[in-house]
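In: From the sequence below, what's the structure:
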Amino acid sequence: MKKLSLVILLTILFLEGFAQGEIDTEKKILYRNEWSIGMLLKTNGLDFDYRSGKFVNYFKKNLWECGLGFIKHPQQYRASNPYVTGYRQYCFGKKNFCFELFYSRGRQRSLFTKQDLNSVEIRLFYFGGATLAFLKPIYYEISYNDNIKSEKFDPVNHYAGITLGPSSFAKGFDEISVVPGIQCKAGLSFEFGKSDKKLTALEAGFKLSAFTKKLEIMEQKSNPQFIGNLFLTMRFGRVKHGAQYEYLNKYEDY
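Out: Numbers count the residues shown, from 1 in each chain. Below you'll find the model as predicted:
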């Protein structure tokens, strides 16, 4: 978490360097609709999302977001069996592979608008919505002398010396369990694209998820039920159905 915090801080300071630059002569757009895709790096995994937005006025817009996320246990570490070769790395003691599908609604507000081509527009955003965590059992290749079996992790009978590596990822999909939850996130968006028709932004903030029960990712460790993450997102998209305007002060901030 400290490393990700440092990356977020350095990125924000770097973007501040775009404060002045070439004068923007492009006709501005009063945005109506836009869409974007994002890859979110968080302290316990990775998210991919699709976002749609519709402006209330020049300064505000309503947002809808859906996506797929992967949740890691903070104490899981990948390693290989030191006595055999030809098998993939695995996390000893990991019981389930965890991923989530989420849907959220939110709002974004412009704090500082662009003054020239190389400047940065800063926006505040927040979301709230529902999430579903899916727990897929993990099978391992276990060596019993000359006999190799594919089994789910057993803390009593399995140990690192006989665990060769993970079985096929396809095993266990028929045993998936679902844990519902809610989530919210908030942060700042730094939009630095040079065209009003395209969206290029970097986002940083905090995300909190709460589930109805603990997510059993590891067998013999404390598993999370409430998850807080710092995140950093790279976002690309386009503006749809834009309307040009000549004077910004014609539009009031409701």
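
In: pretty sure Asn223 is in contact with Glu216, am I right?
Out: Yes. Between Asn223 and Glu216 there is a contact under CB atoms under 8 Å: 5.4 Å. Backbone N, C-alpha and C define where each C-beta goes, glycine included.

In: Can you get me a residue count around Ser189?
Out: Neighbour count for Ser189, taken as other CB atoms under 10 Å: 22.

In: show me the contacts for it.
Out: Counting by CB atoms under 8 Å, 6 or more residues apart in numbering, Ser189 makes contact with 108, 122-125, 201-203, 235.

In: ok, now with 10 Å
Out: 108-111, 120-125, 199, 201-205, 233, 235 (CB atoms under 10 Å, 6 or more residues apart in numbering).

In: For the buried ones among those, write the corresponding ChimeraX selection.
Out: Selection of buried members from the contacts of Ser189 for ChimeraX, criterion 16 or more other CB atoms under 10 Å:
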select :108,110,120,121,122,123,125,199,201,202,203,204,205,233,235
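
In: so where is the stretch 51-200 of the chain shaky, pLDDT-wise?
Out: Applying pLDDT under 70 to the stretch 51-200 of the chain flags residues 115-118.

In: Please enumerate the strands of it.
Out: Under the criterion DSSP state E, counting those that start in this stretch, the stretch 51-200 of the chain contains strands at 60-71, 78-79, 90-91, 96-112, 121-137, 139-144, 147-152, 163-166, 177-191, 198-211.

In: hey, which of these is tucked in deepest?
Out: Comparing the strands of the stretch 51-200 of the chain by mean neighbour count (mean count of other CB atoms under 10 Å), strand 90-91 ranks first with a mean of 20.

In: ok, that one: who's next to it in the sheet?
Out: strand 78-79 (antiparallel) (DSSP bridges).

In: Read off the pLDDT value for the residue nearest the centre of the chain.
Out: Taking CA atoms, centre = their mean as the criterion, Asp47 is the residue nearest the geometric centre of the chain, at 2.8 Å. If you check Asp47, the pLDDT there is 96.

In: quick one: buried residues of the helix or strand hosting it?
Out: Using DSSP states H and E, Asp47 falls within strand 45-55. If you call a residue buried by 16+ other CB under 10 Å, then strand 45-55 has these buried ones: 45, 47, 49, 51, 53, 55.

In: For those, please prepare a markdown table with the additional fields distance to Ile227.
Out: Shown next, in a markdown table, are the buried residues of strand 45-55 (distance: CB to CB, whole Å):
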| residue | distance to Ile227 |
| --- | --- |
| Gly45 | 9 |
| Asp47 | 12 |
| Asp49 | 17 |
| Arg51 | 21 |
| Gly53 | 26 |
| Phe55 | 32 |
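
In: Right, I'll leave it there.
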